[in-house]
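Student: predicted structure and sequence below. I'll ask about it afterward.
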Amino acid sequence: MKVGTQMRTGKISLRAYLHAINKAETDQCQCGLGPQTVRHILLEYRDWTEERHKMWAGRRPCVDIKRILCSSTMAVQAAKMILRTGLLEQFRAVPSTVLKYT
Ligand SMILES: [Zn+2]
């Protein structure tokens, strides 16, 4: 399944989903600020503040997760960011050149 689809459905190997299917002991993110969801990684995860700046590249950040995932351009950037976090083990082999922001 493509990462974009996974992000929209929430069926993505972040703890919130892994916990729901009994594959993780907790749904909480390692930062301690809440469940590890797509929204959390894209908008809240504090270790990724700089990454978030790069992702928006000077454009005004969109904080509406539904709008991000429904916009083809924003969804691609968001998918790249989530892959760059390295949190999704199944995608660790994706070469970093593919993940450059455009
Ligand atoms: Zn977190």
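Tutor: All right, it came through fine. Remember, predicted model here, so these are calculated numbers, not experimental data.
Student: the residue nearest the centre of the chain: what's it in contact with?
Tutor: In the chain, the residue lying closest to the centroid (Cα atoms, centre = their mean) is residue 82, at 3.3 Å. By Cβ atoms under 8 Å, 6 or more residues apart in numbering, the contact set of residue 82 is 3, 7, 12, 38, 41, 42, 88. C-beta: built from backbone N, CA, C; applies to glycine.
Student: in helices, which of those appear?
Tutor: Counting by DSSP state H, the part of the contacts of residue 82 found in helices is 3, 7, 38.
Student: which of those scores worst on pLDDT?
Tutor: Lowest pLDDT of those: residue 3, 88.
Student: before we move on, back to that, tell me which of the contacts of residue 82 is nearest to residue 97?
Tutor: Distance to residue 97 across the contacts of residue 82 (Cβ to Cβ) is lowest for residue 3, with 16.5 Å.
Student: so that closest one touches residue 79, yeah?
Tutor: Yes - assessed by Cβ atoms under 8 Å, residue 3 is found in contact with residue 79 at 4.8 Å.
Student: before we move on, back to that, now the ones in helices among the contacts of residue 82 in TSV, with distance to residue 58 and neighbour count?
Tutor: Shown next, in TSV, are the ones in helices among the contacts of residue 82 (distance: Cβ to Cβ, whole Å; neighbours: other Cβ atoms under 10 Å):
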residue	distance to residue 58	neighbour count
3	24	20
7	23	23
38	23	23
